[in-house]
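J.: after the sequence you'll find the predicted model.
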Amino acid sequence: MLDAALGALRHRGLDDAGKLIIGKFACAHARLSIIDLTDAARQPIVDATGRFVLLFNGEIYNYRGLADSHFAEDTHLNRASDTAVLLAMYERFGRDCLDYLSGMFAFAVIDLQTESVFLARDRFGEKPLYWVATSKCIAFASEISALKRLLPDCDWAIDSTALLLYQTVGSVPAPYSIYRAARALRPAHWIEINGSGGIKEGTYWSVGELSFPVPRDRDEAIEGCRHRLLNAVRSRMVSDVPVGLFLSGGLDSGSILSLMSSLRIPCSDALCIDFVDSRFSEYHLAAQTASAFGTRLHRSVVTSEAFEAHLDRFFRVTDQPTTDGFNTYFVALHARALGIKVWLSGVGGDELFGGYPSFRRVDRLVALSQALQLAMPGFLPKLVARWFPQRYRWARVLYLNRPGDQRKRAYQCLRNPIPIAIARQMLSQKIRIDDQVALALLDGVYPETGRCIDRFQRASVMETGVYMASQLLRDIDNFSMAHSIEVRAPFLDHDLFSYVFALPQRFKNVGGRSKPLLIDSLPHELPAAISSAPKRGFAFPLELWLKKDLRASFEEYVLDERNSEFWDLGAVRDLWRAHLAGKVHWAIPWQFYAFARWHRAQHA
């Protein structure tokens, strides 16, 4: 079973693999060699005393500084390996080592003396970690696919709670997974499992917990931001293999290129995904940025035919259902073909510098929520909801009328494609989830914003804690590792993120410009077409493809009677007809299609 589980993870580490079976423990590791390419960094790694065993996925960017600061006299430490330094840090500091680490990681330390295991995940959730507890064992892995092969006799039934969250959010947020048997460790959390199977969980960091003195003026804020941006990019260039850049026509990835230029770090290769339809193309903007900084730009055009041809494999390698991820899948597909293992990405820039509509609209929706709760009787939202999908937009707005935290309601109205009450009604008759239970369930996956000082911080916390953590970062890890490449995110440097987050809104929101603090903090200006352009998301033309190229496929996969265990298929048919008639946004039926394709691929 261990060999089967390792086989399920080999795409995550084509360069090396190792196994260790000792006492009560059996572990395996697949390695993508990026830092220290020698056999000295092979995992699982055992410390010099033979007490501790480490399995580690990710990168510790500040490992050299940690080695110099804490192990200057240790002549036996392998300073070329972040893995060796991480194990040494755990030996010295225990769980407190997490406070010192800068990086993206999920790791496990086995203590053979106490027969215990320590599991931890990075602050933002860049690297995943799933675990299962049965009456016979506790198991953990970077993907659920490995756990399914390791424990085939486990009950791998779909969790109706997770399905409801997926239908509402578009992904399955931690600590849930799509399966009843498995749990996801939340970002910035750790778990200790003692020798008798007792489990203790805790958190070691949260957005905004670090305090900084308020800058005297905006110039000082810009200087502090620029300094940390440069450090963030510099640290993510730590690698023993070449590093490329995913370059769109947007501000975030262009900013990284500007910062690399200032650091005199050559970026010889950048990659841009393009489409035949000019409405979705960003190539001409990406080309301007690449030209300004002397970078070779590789262009990869994705057609509807190529998209459809890859759908089967896309859903086969999707560890958990998601409504997104195609951009990462295709850019990773072409990135690997270029022979470069490590790539930088601009993910996190919108959450930090305010690129999403939520930074502007949530307060307006809160005001509308307050007005609705005063003016509307409680039965009206229920009445309108019954008209779904023909009155879907009204149902979504009137969702603001539901009791609870008004800011969460406003954000959910803005971000969630389907209000949870509607999603609950569309589930199969076999699935019974009380309305209030469903609402509390959804609220529980959203972070609290009571410590936030302004709307900018509240939006940042919401975007970081839900959409980014449970969808963007998980999709990036899933589909980049499916092609055996690693993606690093400079904007998710926790010192940078904490500093910018703590700044008052007046430093970040100036004159209606898009991300003015980021633009003004760059050491080299971007082309005017980039810095002055309005925010546009990187999107596939799914709306066009769903009605045309994928219409027959939708009906084949979604309206299959086997899906009656998940949904009320009559309601789904009504939804599909309403979409074809132009009454329902494409993102709603796409959620059903993505799940149906995923489920068929994983459980055929």
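T.: On my side now, so go ahead.
J.: which non-adjacent residue is nearest residue 510?
T.: Leaving aside its sequence neighbours, residue 510 sits nearest to residue 516 (C-beta to C-beta, 6 or more residues apart in numbering; 4.3 Å). (C-beta placed from N, C-alpha, C; glycine too.)
J.: hang on, that neighbour packs against residue 506?
T.: No - Residue 516 is beyond contact range of residue 506, at 11.0 Å (criterion: C-beta atoms under 8 Å).
J.: please say which of the two ends up with more neighbours.
T.: Neighbour count, other C-beta atoms under 10 Å: between residue 516 and residue 506, residue 516 has more, with 19 against 11.
J.: phi and psi next, for that one.
T.: phi -60, psi -30 (degrees, to the nearest 10).
J.: element containing the residue sitting nearest the centre point of the chain?
T.: The centroid of the chain falls nearest to residue 473 when counting by C-alpha atoms, centre = their mean (1.7 Å). Assigned by DSSP states H and E, residue 473 belongs to helix 473-481.
J.: next, the buried residues of that helix.
T.: 473-481 (16 or more other C-beta atoms under 10 Å).
J.: low pLDDT regions in the stretch 451-600 of the chain?
T.: 534-540 (pLDDT under 70).
J.: same question, the stretch 301-450 of the chain
T.: Using pLDDT under 70, the stretch 301-450 of the chain drops low at 372-396.
J.: any idea how far stretch 521-530 is from the chain center?
T.: What separates the centre of stretch 521-530 from the centre of its chain is 27 Å, taken as C-alpha atoms, centre = their mean, to the nearest Å.
J.: for stretch 254-261, same thing?
T.: 23 Å.
J.: what's in contact with that stretch?
T.: Here stretch 254-261 makes contact (C-beta atoms under 8 Å, 6 or more residues apart in numbering) with 229-230, 233, 237, 245, 247, 266-267, 270, 286, 289-290, 293, 295, 344, 346, 349, 490, 518-519, 522-527, 530.
J.: can I get it as CSV, trimmed to CA atoms?
T.: What follows is stretch 254-261, C-alpha atoms only, in CSV (Å, rounded to 0.1, in the frame of the first residue of the first chain):
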residue,chain,number,x,y,z
GLY,A,254,4.6,42.8,-14.0
SER,A,255,5.6,44.2,-10.6
ILE,A,256,7.7,41.1,-9.9
LEU,A,257,9.6,41.6,-13.1
SER,A,258,10.2,45.3,-12.1
LEU,A,259,11.5,44.2,-8.7
MET,A,260,13.8,41.5,-10.3
SER,A,261,15.2,44.1,-12.5
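J.: which phi and psi does residue 138 have?
T.: The phi/psi pair for residue 138 (degrees, to the nearest 10) is phi -120, psi 130.
J.: cool, the one 10 residues further on as well?
T.: As for residue 148, its main-chain torsions (degrees, to the nearest 10) stand at phi -70, psi -30.
J.: who's the closest spatial neighbour of it, skipping the chain neighbours?
T.: That would be residue 156: by C-beta to C-beta, 6+ apart, it lies 5.8 Å from residue 148.
J.: contacting residues around the residue nearest to residue 61 when sequence neighbours are not counted?
T.: Of all residues not flanking residue 61 in the chain, residue 235 sits nearest, at 4.1 Å (C-beta to C-beta, 6+ apart). By C-beta under 8 Å, 6+ apart, the contact list for residue 235 reads 61-62, 102, 490, 493.
J.: 7 Å instead?
T.: Counting by C-beta atoms under 7 Å, 6 or more residues apart in numbering, residue 235 touches 61-62, 102, 493.
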